[in-house]
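Here is a sequence together with a model predicted from it:
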Amino acid sequence: MTEPEKIHEPRLWRDNGWTARVIKNEDDDGWAVAMTPDGQSEPALVGPWTMGRDKKNPKPLDTPAFHTLVKTASEFVRRHEQQLHAQLHQEISIAHGGDRISVTLDIQPDEDNPSALLRALDAAGEVMAEARVAPSFRLTRASASAWAEGGFGRVR
C-alpha cells in the first residue's frame with residue numbers, strides 16, 4: 001500500500017498518517033479542524049480552530065499546530081479503543097475451592113448475531129470451564145461466584 005501524498009496547505013494538511021482539514025463551524029461563525037486517520041472516511045476528532053488576525057478567516061495550519069493536533073487525535077483514538085476493549089473484555093478474580101480463579105467475559109459485537117463467552121481459568125491460565133452467554137450478561141463477583149458454585153454449569 002502506498003502512503004498518501006503529503007499536503008501542507010493553509011486549510012489542509014496531510015502527513016504522519018493523518019489529515020487535518022480546517023472547516024467552517026456549522027454551529028457558529030467560527031472554524032473547526034477535523035482530524036481524520038489515513039484510510040478512514042470519517043474524522044476521529046473535530047475541535048474548534050483559531051480565527052486568523054482578520055477575525056473572519058481561520059488561522060493557517062502549520063507544522064507545530066499539526067503535530068499538536070496529531071498528538072491530541074491519537075490520544076483520543078487510543079482512549080476510545082481502551083474504553084471499547086474494557087467493555088468487551090472483562091475479568092474478575094474470585095476464590096473457588098481454596099484457589100484463586102479468573103473469570104473472563106469476552107463479548108463479540110456483531111450487528112446480526114452478537115455473542116459472549118464466559119470462561120473460568122485456573123492460576124496457570126488453563127481453561128477450567130466455558131459457557132456461551134448473552135452479550136448483555138453482567139460479569140460481577142456475585143455472578144462469577146454463582147457460576148462457580150453451580151459447578152460451572154448453565155449460566156442464568
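Thanks, I have it. It should be emphasised that the depicted structure is a prediction, and the values quoted were computed from it without experimental measurement.

How far does the longest strand seen in the chain sit from its chain's centre?
For the chain, the strand with the greatest residue count under DSSP state E is strand 99-108. Remark: strand 99-108 is offset 21 Å from the chain centroid, using Cα atoms, centre = their mean, to the nearest Å.

What of stretch 52-71?
27 Å.

Return the set of buried residues in stretch 57-66.
58-59, 61, 65-66 (16 or more other Cβ atoms under 10 Å). Where you see a C-beta, it was placed from the backbone N, CA and C, and this is true even at glycine.

Just the C-alphas of that stretch, formatted as PDB.
The C-alpha trace of stretch 57-66 is given here as PDB (Å, rounded to 0.1, in the frame of the first residue of the first chain):
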ATOM      1  CA  ASN A  57     -10.800  33.600   8.200                       C
ATOM      2  CA  PRO A  58      -9.100  30.700  10.000                       C
ATOM      3  CA  LYS A  59      -5.500  30.800  11.200                       C
ATOM      4  CA  PRO A  60      -3.500  28.700   8.600                       C
ATOM      5  CA  LEU A  61      -2.300  25.300   9.600                       C
ATOM      6  CA  ASP A  62       1.500  25.000  10.300                       C
ATOM      7  CA  THR A  63       3.900  22.200  11.400                       C
ATOM      8  CA  PRO A  64       3.700  22.800  15.200                       C
ATOM      9  CA  ALA A  65      -0.100  23.100  15.200                       C
ATOM     10  CA  PHE A  66      -0.400  19.900  13.000                       C
END
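
pLDDT (mean, whole number) over it?
Averaged across stretch 57-66, pLDDT comes to 94.

got it, and stretch 87-105?
In this model, stretch 87-105 has an average pLDDT of 94.
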